[in-house]
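> Give me coordinates for this.
(one chain, ligands or ions: 1)
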Amino acid sequence: MKKTVKVVAAVIENEKDEILCALRSHDMLIPNMWEFPGGKVESGEQLQEALEREIEEELLCTIKAHDIINENVHEYDTFIIHLISIKAELISGTPVATEHSKLIWMPRRNLESLVWAPADLPAVRDVMKQVQA
Ligand SMILES: Nc1nc2c([nH]c(=O)n2[C@H]2C[C@H](O)[C@@H](COP(=O)(O)OP(=O)(O)OP(=O)(O)O)O2)c(=O)[nH]1
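All right, here's what the predicted structure looks like:
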C-alpha cells in the first residue's frame with residue numbers, strides 16, 4: 001500500500017499581486033517542477049504552525065499562515081500526497097532558496113505558464129481565479 005503524506009504549501013502574495021513560486025531542484029523528489037514552498041506536517045502539529053516552521057527552515061523568512069485555499073489528494077507513482085495550500089503573508093525577511101534551485105515572484109495570471117508538480121494544479125487554478133481584494 002502506498003504511503004500518504006500530508007504536506008502544507010504556502011501561497012505567498014506580494015503587494016504587486018505576484019505569487020512566490022519555488023522550483024524543486026534536480027536532486028529532490030519530483031525534480032525540476034514548480035511548487036508552492038512548504039513541507040510535511042509533523043505529528044501533533046497544526047497546519048498553520050507546520051507551514052510557518054517549514055518556511056522559516058527552507059526560505060529563512062517569517063510568514064503568517066492564514067486560510068486554506070485548496071486541498072487536494074493526488075496519487076504519485078510511489079506515494080499519495082494530501083496537499084493543503086494555504087494563503088500566507090510575508091512578515092519579515094526575504095525568501096532565500098536554500099533547497100530549491102530557484103524562487104520567483106510570478107504575476108498571478110501567468111502562473112499556468114510554469115510546469116507545476118501535478119498535485120499543485122487544482123491549487124494553481126484556484127489561485128488564478130482569486131481576484132485581488
Ligand atoms: N512543499 C511542497 N511539496 C510538494 C508540493 N507539491 C507536491 O507534490 N509536493 C511533494 C514533493 C515532496 O515529495 C513532498 C513534500 O516534501 P518536502 O521535501 O517539501 O517536505 P519536507 O521538507 O518536510 O521533507 P523532508 O526533507 O523532511 O523529507 O510533497 C508543493 O506544492 N509543496
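> Which residue is the nearest non-sequential neighbour of the residue nearest the centre of the chain?
The residue lying closest to the centre of the chain (Cα atoms, centre = their mean) is residue 36, at 2.1 Å. Leaving aside its sequence neighbours, residue 36 sits nearest to residue 9 (Cβ to Cβ, 6 or more residues apart in numbering; 3.7 Å). (Glycine included, C-beta is placed from N, CA and C.)
> Show me which residues of the helix or strand where the one you found lies are buried.
Residue 9 belongs to strand 3-12 when elements are defined using DSSP states H and E. For strand 3-12, a neighbour-count test (16 or more other Cβ atoms under 10 Å) marks 6-12 as buried.
> Out of these, which comes closest to residue 79?
Proximity of the buried residues of strand 3-12 to residue 79 (Cβ to Cβ) peaks at residue 7, which lies at 10.3 Å.
> and the strand holding residue 9, which strands flank it?
Take DSSP bridges as the rule and strand 3-12 pairs in its sheet with strand 38-40 (antiparallel), strand 79-92 (parallel).
> Can you tell me the SS state at residue 16?
Assigned state for residue 16: coil (three-state reduction, DSSP: H, G, I helix; E, B strand; the rest coil).
> Much appreciated, bye for now.
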